[in-house]
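J.: Output the structure for:
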Amino acid sequence: MKIAISGKGGVGKTTIMALLARQTQKSGREVLVVDADPSPHMAQSLGMDNIGDITPIADMKKMLSDRSGKVEGSPFYNINPKIDDLPAQFMLEKDGVKLMILGAIQTAEGGCACPENTVLKRLLTKLLLTSTQTILLDMEAGVEHLGRGTIAGVDILLIVVIPAKSSVRTALKIQKLATESGIGKILFVGNQVEDDEDKKFLTEALGTEPIAVFSSSSKIRRAERSGLAITEVDEDMDGVAAQLVKSIAEALTS
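T.: As a prediction, this is how the structure comes out:
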């Protein structure tokens with residue numbers, strides 16, 4: 001299955017995705033995390049070694065240009081670029097979790113129908129899975145990725161939201177655009193939820209109860225500031241992450 005995660009900037013989606021990756025791997029599934037955020041931090045969150053050894057695919061300008069170049073004798077770009085050999089070349093792996101970093105495409109072409117983004121979009125939709133594999137997509141903050149179509153082909157979209165009106169507004173906008181994009185399963189995950197009042201606020205504002213709620217963690221904040229792996233520092237979060245994995249499995253079969 002393919003699971004994407006999104007939300008307003010600063011709501012903690014990368015932290016939750018890292019915890020989800022660890023719990024999914026513990027459940028016996030092969031996990032590939034695709035960091036599609038223009039400011040990638042997933043490698044640190046997962047405790048990956050030799051982070052400097054991997055170059056974001058988006059930074060490989062010549063390769064992207066070659067793969068998505070204009071069709072000879074035509075003004076049109078190749079919309080079916082060869083990408084089958086990309087995943088194995090651009091991955092890190094630790095403790096059974098693989099990571100691929102897409103990076104950011106910098107272009108003046110507003111809606112980003114740029115040729116480079118064609119390669120990235122095809123990569124996300126082309127990745128094939130066996131019954132034991134899960135792809136987790138850490139998308140950029142906000143709603144722009146929905147307009148570009150790079151979130152196409154996912155089975156579930158998780159929208160991380162904190163108990164604040166601005167976060168709820170963004171979450172509902174993401175939900176609307178995702179529904180219009182044809183994503184069948186859209187679920188909310190609460191973060192920085194400290195008490196029943198926070199949970200009630202989210203449930204009423206979203207019109208549905210989040211499938212899991214995480215509280216704030218001082219251990220994770222300190223780990224992030226120190227450059228440590230988030231997945232190793234707060235066992236209290238594991239129970240909620242396990243609940244999230246179970247809720248996702250139930251959502252897929254409902």
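
J.: Which neighbouring elements make contact with the longest helix along the chain?
T.: Looking across the chain with DSSP state H, the single longest helix is helix 236-253. Helices and strands touching helix 236-253, by 3 or more CB pairs under 8 Å, 6 or more residues apart in numbering; DSSP states H and E, are helix 13-26, strand 156-161, strand 185-190, strand 212-213. To be clear about C-beta, it is placed using only N, CA and C from the backbone, and glycine gets the same treatment.

J.: Which one of those lies nearest to residue 220?
T.: helix 13-26 (6.2 Å; CB to CB).

J.: tell me the mean pLDDT for that closest one?
T.: For helix 13-26, mean pLDDT is 89.

J.: out of everything not next to it in sequence, what's closest to residue 29?
T.: residue 134 (4.9 Å; CB to CB, 6 or more residues apart in numbering).

J.: can I have stretch 183-199 written out in CSV, keeping just the CAs?
T.: Extracted C-alpha coordinates of stretch 183-199, given in CSV (Å, rounded to 0.1, in the frame of the first residue of the first chain):
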residue,chain,number,x,y,z
ILE,A,183,-8.1,9.8,-3.1
GLY,A,184,-10.5,7.3,-1.5
LYS,A,185,-9.3,7.2,2.1
ILE,A,186,-8.5,10.4,3.8
LEU,A,187,-7.9,10.2,7.6
PHE,A,188,-6.9,12.8,10.2
VAL,A,189,-4.2,12.3,12.8
GLY,A,190,-4.0,14.7,15.8
ASN,A,191,-0.8,15.9,17.2
GLN,A,192,0.2,18.0,20.2
VAL,A,193,-3.1,17.0,21.8
GLU,A,194,-2.8,17.4,25.5
ASP,A,195,-6.2,16.8,26.9
ASP,A,196,-9.9,15.9,26.2
GLU,A,197,-10.6,19.6,25.4
ASP,A,198,-8.0,19.5,22.6
LYS,A,199,-9.4,16.3,21.3
